[in-house]
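*Asks:* build me a structure from this.
(chains A, B, C and D)
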Number of protein chains: 2
Amino acid sequence: MGKAGTKGVSRADRERQIIDVAVEEFGTHGYAGVSVAAVARRAGISKPLVYSYFDTKDGLYLACVHRVGALLVDAVAAARSRSGSTDHALDTLHAIFATVERHRHAWSVLYDPALPPDGELRDAVRRFRGRLAAMGAAGAARLLTGAGHDDPLDHQLLNEVWQYAVTAVMRWWSDHPDQSAAEMTARCARLLTALGND
Amino acid sequence: MGKAGTKGVSRADRERQIIDVAVEEFGTHGYAGVSVAAVARRAGISKPLVYSYFDTKDGLYLACVHRVGALLVDAVAAARSRSGSTDHALDTLHAIFATVERHRHAWSVLYDPALPPDGELRDAVRRFRGRLAAMGAAGAARLLTGAGHDDPLDHQLLNEVWQYAVTAVMRWWSDHPDQSAAEMTARCARLLTALGND
DNA sequence: CTCGGGTAAATTACCGATGGGTCACATGGT
DNA sequence: ACCATGTGACCCATCGGTAATTTACCCGAG
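*Replies:* Here you go, the predicted model:
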């Protein structure tokens, strides 16, 4: 496939492009299931170029984490500030849907359950998860204290469940590409109301 | 480390032992993140012995799937038949907690999101997930039709969410080893009631 | 009781393929 | 001419998997 030499693509553009395919690959096959060579191949470039831009495999994953992390945090924060202090859950979901409609595997990058447990990669992931959790947690807290429960571990657990529930929705969405973001929001609205009257 | 020759351990025992450590490893690091050599090392034996009992890495994972799948399906089925047609969710959770209290990574083996997408491994996993889902689905169906919604895709989605919620609880439990099964059940009871009055 | 010998339980040493990562070099634009 | 962009070829550790071989147990013949 072709010789060396620039192809008229700037570094910044190339980085964005690489991160795009890396997010998709990592999101579907997980950290351990993806090889840098595969990312390079799918991006139509060679492996050393990837290494020259992101130093290591962890570096590449880290870039993906920062990309999707910033995207999601911003979106959720905006949705939260937009909707005063009323029922957050659905607004949050809608914000997420709209943000990652074209990158449906983004969420899975932040929530890969099998990351290498050491190093700054885990730290970065934890930071972003933490920020998302902190925002989603307000609703959870209202719910629990409103029901008279105040065990902090309960709050922690509910938070984890909420985040995994979102993960479930995102994965289901990946498997049903015909669904639009709006349809997903409507669907989740029905689910939430149904959960209300159990 | 030692010579060859039998160490007085029967094949059946050794298989059980290997599966035990394999479940733990696969459950924590995922399919792609675990090497057969690592399993052998942690079991205190050599790699070829693993291959002589389970033919391939997929065979080993398959054995794990069958072990934990049978365990979980039996447990949930028993819980279901025990508790008539009343509120299933909590009983199901309690059954799962009690069953895997000593194998807390079991659930993750069935719900590794990054399995190789081809071959009989995926099929076996899908079968077991399907059986668990079918049982858990009764409750979901009641919930949705009770609220006037009957889109089959909604049912599918709610099911996925339910299974991932369980996954979340199981992972949280893995990170909090001091919690007993009974405490977990109580915790989930509080969460469920809180969800009722949102 | 003991002394083989067959068989089940193990190991060491190895193979080809792939993975992460590097080096030296080639090209294109200004 | 120079620097950013880009590549083919290579290195070494590890991975999935196999071959050849060694050791312990069991059981029947003397």
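*Asks:* so how many other residues sit close to A:Leu115?
*Replies:* A:Leu115 has 22 neighbours, counted by other C-beta atoms under 10 Å in any protein chain shown. Glycine gets a C-beta too; all of them are placed from N, C-alpha and C.
*Asks:* give me the helix or strand of chain A that scores worst on average pLDDT.
*Replies:* Within chain A, confidence by mean pLDDT, DSSP states H and E is lowest for helix A:119-146 among all helices and strands, at a mean of 88.
*Asks:* right, and the helix or strand after it?
*Replies:* helix A:152-174 (DSSP states H and E).
*Asks:* check the gap between A:Ala134 and DNA strand C for me.
*Replies:* Going from A:Ala134 to DNA strand C by C-beta to the nearest atom of the strand, to the nearest Å gives 32 Å.
*Asks:* enumerate the residues of chain A near DNA strand D.
*Replies:* By the rule C-beta under 7 Å from any atom of the strand, the part of chain A lying against DNA strand D is A:1-11, A:14, A:44-49, A:52.
*Asks:* any of these buried? List them.
*Replies:* Buried members of the residues of chain A next to DNA strand D, scored by 16 or more other C-beta atoms under 10 Å in any protein chain shown, are A:Arg14, A:Ile45.
*Asks:* so who does the most centrally placed residue in chain A touch?
*Replies:* What sits nearest the mean C-alpha location of chain A, by C-alpha atoms, centre = their mean, is A:Trp107, with 2.1 Å. For A:Trp107, the contacting residues are A:Gly27, A:Val68, A:Leu72, A:Ile96, A:Val100, A:Val166, A:Thr167, A:Met170, by C-beta atoms under 8 Å, 6 or more residues apart in numbering or on different chains.
*Asks:* any idea which helix or strand comes after the helix or strand harbouring the fourth one?
*Replies:* This means A:Ile96. Under the criterion of DSSP H and E, A:Ile96 resides in helix A:88-99. Sequence-wise, the next helix or strand downstream of helix A:88-99 (DSSP H and E) is helix A:106-110.
*Asks:* for that next one, what is the distance to the chain centroid?
*Replies:* Relative to the mean C-alpha coordinate of its chain, helix A:106-110 is positioned 3 Å out (C-alpha atoms, centre = their mean, to the nearest Å).
*Asks:* any idea of the mean pLDDT in that helix?
*Replies:* In this model, helix A:106-110 has a mean pLDDT of 97.
*Asks:* same deal with stretch A:63-75?
*Replies:* 97.
*Asks:* repeat for stretch A:33-41
*Replies:* pLDDT averaged over stretch A:33-41 gives 98.
*Asks:* quick one: the host helix or strand of A:Val76 to chain centroid distance?
*Replies:* A:Val76 belongs to helix A:57-82 when elements are defined using DSSP H and E. Taking C-alpha atoms, centre = their mean, one finds the center of helix A:57-82 at 7 Å from the center of the full chain.
*Asks:* ok, A:Ala22 touching A:Val39?
*Replies:* Yes: counting by C-beta atoms under 8 Å, A:Ala22 sits close enough to A:Val39 to count as a contact (5.0 Å).
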